[in-house]
Structures are given as structure tokens and as C-alpha cells.
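> when you get a sec, could you give me coordinates for this:
(one chain, ligands or ions: 1)
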Amino acid sequence: MDNSEAKLAVAKAAIEYVPEGAIIGVGTGTTANCFIDELISVRSRIEAAVASSEATASRLLSGGIRVLELNDVDCLPLYVDGADEITPRLHMIKGGGGALTGEKIVAAVARTFVCIADDSKLVDVLGSFPLPVEAIPMARGHVERELMRLGGRPRLREGVTTDNGNIILDVGGLNISSPIELEAAINQIAGVVTNGLFARRGADVALLGGVGGVKKLGGLSAE
Ligand code: 5RP
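Prediction:
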């Protein structure tokens with residue numbers, strides 16, 4: 001199974017988690033796009049979706065799925081999204097596609113987070129993938145200096161403005177042995193909007209595609 005077959009397989013497997021008649025949260029990226037395409041094929045099964053980014057909203061809308069603002073829903077039973085790295089404890093690095101802030105907010109509202117990825121994303125320790133940090137443009141210099149004090153090597157993601165009008169710094173060299181603590185420490189820097197560590201609120205289930213098919217990590221079964 002190559003990467004694109006793996007993404008398709010986990011997208012199909014995630015459909016099993018979609019409750020009948022629900023409003024669900026939908027992530028961003030190539031794997032999330034596979035999930036959206038599967039969702040479109042069963043669109044009468046859901047009432048609507050909440051998108052984690054503008055790109056996801058337009059893909060959902062063009063497939064005939066109603067898109068609601070997050071502020072118009074109280075809770076979401078399910079959020080499905082990809083990851084750049086995920087550990088066996090279901091901590092993740094996300095934000096390779098630049099949508100980390102929307103993703104973190106929608107994930108925070110969801111009861112269950114199902115992460116879908118090919119199994120090359122599974123790592124023992126996070127950090128080979130540079131950690132995306134979304135920051136307010138005027139704070140760039142300050143945020144870079146503070147990230148360096150934490151041991152990181154920030155690099156501006158050239159030519160990228162987020163859905164929120166901000167910049168992204170991709171930070172290499174971090175020691176992420178305590179992801180929950182590091183997530184909180186980076187979020188404390190003035191000018192940081194959020195960072196791509198999803199550890200405080202990690203995934204509940206990971207569906208990872210590879211040669212042996214789809215492997216599930218985490219406790220929840222599809223209903
Ligand atoms: C976007 C994300 C994506 O979930 C992450 O980058 C994985 O993307 P892909 O499925 O394309 O590998 O966090 O901000």
C-alpha cells in the first residue's frame with residue numbers, strides 16, 4: 001500500500017465513526033481531503049460540518065455539504081483530521097498545512113478526535129518534523145528569540161499568511177520529551193496565537209494506514 005492508498009484506506013475507516021444525523025468537525029490537509037471526499041459520498045448521513053480552515057470549507061461546500069460556523073454549535077461529537085507526527089500516546093504535531101489554529105479550536109470543541117494518517121507519521125518522540133507556531137506578525141522578532149531560548153531554530157514559512165492573517169514559524173531542534181509542558185510554554189509567549197503541539201488535547205483514536213492495512217491506536221471503536 002503506497003501513501004495515497006493508505007490515506008484513502010484510513011479515510012474510509014474514519015467514516016465508520018461518523019454518527020448518523022450529526023454535525024462533525026473536519027480537518028485540513030491531503031488526508032483530511034480524502035476523508036472529505038468519502039464524506040461527500042455519504043453526505044445525507046450528516047446534518048452539517050464545521051471546517052477547520054477556509055480550504056476545507058470550500059471543499060465541503062463544493063461537495064454539497066452544509067458548513068456551519070463553530071459559534072453556531074455547542075458541541076461536536078467527532079473531529080477527523082490528519083497529523084504531521086503522532087506518538088503511541090496520541091500526542092501530535094500538526095500545522096504542516098498552516099491551519100493549526102482552526103484545527104486546535106475545532107478539536108477543543110469535539111468529544112472525539114479521530115486522527116487519520118499513513119503510518120510513516122508514527123514516531124516515538126515528536127520533533128523531527130519542525131513544529132509550526134502561528135504568531136502575530138508584529139511579534140515575529142520577540143517570538144523567534146523566545147523560541148531560541150527554548151532551544152528551537154525558528155524559520156519563517158515564506159509567502160504564507162494564515163486564515164487569521166498571521167505568520168507561521170517552523171521550529172526545528174526542539175526537545176519534545178514533555179509535549180504537554182512545551183505546548184503550554186510556547187503558548188505563553190506574547191504574540192503566539194497557538195502552536196502545533198496537540199498534546200493537552202491529543203487524539204482519542206488514530207487510524208494509521210500501511211502495508212498491513214489500517215491499524216487502530218487508542219480505545220474507542222466505531223459505533
Ligand atoms: C494541516 C495539518 C495536517 O493535518 C497535517 O499537515 C497533515 O497533512 P497531510 O494529511 O497532508 O499529510 O495539520 O494544518
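
> give me every residue that touches the closest residue to residue 142 other than its chain neighbours.
Here the nearest residue to residue 142 in space, its sequence neighbours aside, is residue 191; by Cβ to Cβ, 6 or more residues apart in numbering that works out to 5.7 Å. Just so you know, the C-beta spots here come from the backbone N, C-alpha and C atoms, and that holds for glycine as well. Residue 191 is in contact with 135-136, 138-140, 142-143, counting by Cβ atoms under 8 Å, 6 or more residues apart in numbering.

> 6 Å - rerun?
By Cβ atoms under 6 Å, 6 or more residues apart in numbering, the contact set of residue 191 is 135-136, 139, 142-143.

> likewise for residue 116?
10, 14, 31, 82, 207.

> what's the closest of the residues you listed to residue 165?
residue 82 (23.7 Å; Cβ to Cβ).

> model confidence for that closest one, exactly?
For residue 82, the model assigns a pLDDT of 98.

> quick one on the thing from earlier: so for the residue nearest to residue 142, what's the pLDDT?
So, for residue 191, pLDDT stands at 98.

> cool, residue 223 as well?
Taking residue 223 on its own, its pLDDT is 60.

> residues of the chain that sit close to the ligand?
Within reach of the ligand by Cβ under 6 Å from any ligand atom, the chain has these residues: 27-32, 81-84, 94-100, 103.

> could you list which of the residues you listed belong to strands?
residue 81 (DSSP state E).

> returning to what we had before: now list the buried members of the contacts of residue 191.
When the contacts of residue 191 are checked for burial by 16 or more other Cβ atoms under 10 Å, the buried set is 135-136, 139, 143.

> all strands of the chain, in order?
Under DSSP E, the chain gives strands at 23-26, 48-51, 67-68, 76-81, 85-86, 92-93, 110-118, 131-135, 153-156, 167-172, 192-195, 197-198, 205-210, 213-218.

> let's have the contacts of residue 116 in CSV, adding distance to residue 150 and neighbour count.
What follows is the contacts of residue 116, written out as CSV (distance: Cβ to Cβ, whole Å; neighbours: other Cβ atoms under 10 Å):
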residue, distance to residue 150, neighbour count
10, 33, 30
14, 34, 25
31, 29, 29
82, 26, 27
207, 32, 27
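
> if we can go back for a sec, just the closest of the buried ones among the contacts of residue 191 to the ligand, please.
residue 135 (15.3 Å; Cβ to the nearest ligand atom).

> state the pLDDT value of that closest one.
With respect to pLDDT, residue 135 has a value of 98.

> nearest spatial neighbour of it, skipping sequence neighbours?
In space, residue 135 is closest to residue 143, 4.5 Å off (Cβ to Cβ, 6+ apart).

> who touches that neighbour in this structure?
Here residue 143 is in contact with 135, 189, 191-192 (criterion: Cβ under 6 Å, 6+ apart).

> mind listing what's buried along stretch 41-56?
Neighbour count says stretch 41-56 has 46, 49-53, 55-56 buried, by 16+ other Cβ under 10 Å.

> list the contacts of residue 95.
132, 196.

> quick check: pLDDT value at it.
98.

> also residue 219?
Residue 219 is given a pLDDT of 77.

> low pLDDT regions in this structure?
Residues of the chain meeting the criterion pLDDT under 70: 223.

> count of neighbours near the residue nearest to residue 165 when sequence neighbours are not counted?
Spatial nearest neighbour of residue 165, chain neighbours left out: residue 137 (7.8 Å); criterion: Cβ to Cβ, 6+ apart. By other Cβ atoms under 10 Å, 10 other residues sit near residue 137.
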